[in-house]
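Enquirer: this one's sequence-less:
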């Protein structure tokens, strides 16, 4: 089951207030936004948390490359076992949030075609302090690439190749 904060269509940021009495007794459970979307992804501002001192966001983009036999890279095409990918992404997010004391975790991965210059993954975390956000983002990306059933096909000027892991 996913927890998601929806952004209201106003200029006012979505501010999540912490109850100081609750914070003293136990930490608030983190919030998760885990999705697979068709086509490229883009940066989305997270909800604003009063105790969120650090946000880190990573956008993984398709970079320009040249294959010796196939020519110029045109796009990356992602496929996934979607139900399993969503389940594992949430598990990874929950484990990492617990380990690093995160308030919020967003992992949005593209399915389908992602042209050169566009992003295929948004990995975003909010925590009380910056150090945890950097560590958690790197850990989330490493686990995503090694554990989640998302496959990447490279579509070149004249041919295709497959890569293990997204």
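Expert: Sure, I can see it. Keep in mind it's a predicted model, so treat the numbers as computed, not measured.

Enquirer: in which helix or strand does the nearest residue to residue 163 once chain neighbours are set aside reside?
Expert: Nearest non-adjacent residue to residue 163, counting by CB to CB, 6 or more residues apart in numbering: residue 152, 4.6 Å away. Yep, even glycine has a C-beta here, placed from its N, CA and C like the rest. Residue 152 is part of strand 150-156, with elements assigned from DSSP states H and E.

Enquirer: following the strand of greatest length in the chain, which helix or strand shows up next?
Expert: As assigned by DSSP state E, the longest strand anywhere in the chain is strand 102-115. Downstream of strand 102-115, the first helix or strand assigned by DSSP H and E is strand 119-127.

Enquirer: tilt between that next one and strand 150-156?
Expert: Orientation of strand 119-127 against strand 150-156 (axes from the mean of the first three to the mean of the last three CA atoms, to 10 degrees) gives an angle of 140 degrees.

Enquirer: what's the local residue count around residue 70?
Expert: The number of residues packed near residue 70 is 17, by other CB atoms under 10 Å.

Enquirer: the spatially closest residue to it that is not a sequence neighbour and residue 100, how far apart?
Expert: Spatially, and ignoring its direct neighbours in sequence, residue 70 is nearest to residue 156 (3.4 Å; CB to CB, 6+ apart). Note on residue 156: its distance to residue 100, by CB to CB, to the nearest Å, is 38 Å.

Enquirer: between the two, who's got more neighbours?
Expert: Under the neighbour definition other CB under 10 Å, residue 156 and residue 100 were set side by side, and residue 100 has more, 21 against 17.

Enquirer: who's in contact with the more buried one?
Expert: 125, 127, 132-133, 135-136, 139 (CB atoms under 8 Å, 6 or more residues apart in numbering).

Enquirer: shouldn't residue 90 be in contact with residue 33?
Expert: No: using CB atoms under 8 Å as the test, residue 90 is too far from residue 33 to be in contact (10.1 Å).

Enquirer: give me the more crowded residue out of the two.
Expert: When neighbours are counted by other CB under 10 Å, residue 90 and residue 33 differ, and residue 33 comes out ahead with 20 against 17.

Enquirer: name the nearest residue to that one, ignoring sequence neighbours.
Expert: Nearest residue to residue 33, sequence neighbours excluded (CB to CB, 6+ apart): residue 106, at 4.1 Å.

Enquirer: tell me the contacts of the one you found?
Expert: Each residue near residue 106 by CB under 8 Å, 6+ apart is listed here: 32-34, 44, 46, 122-125.
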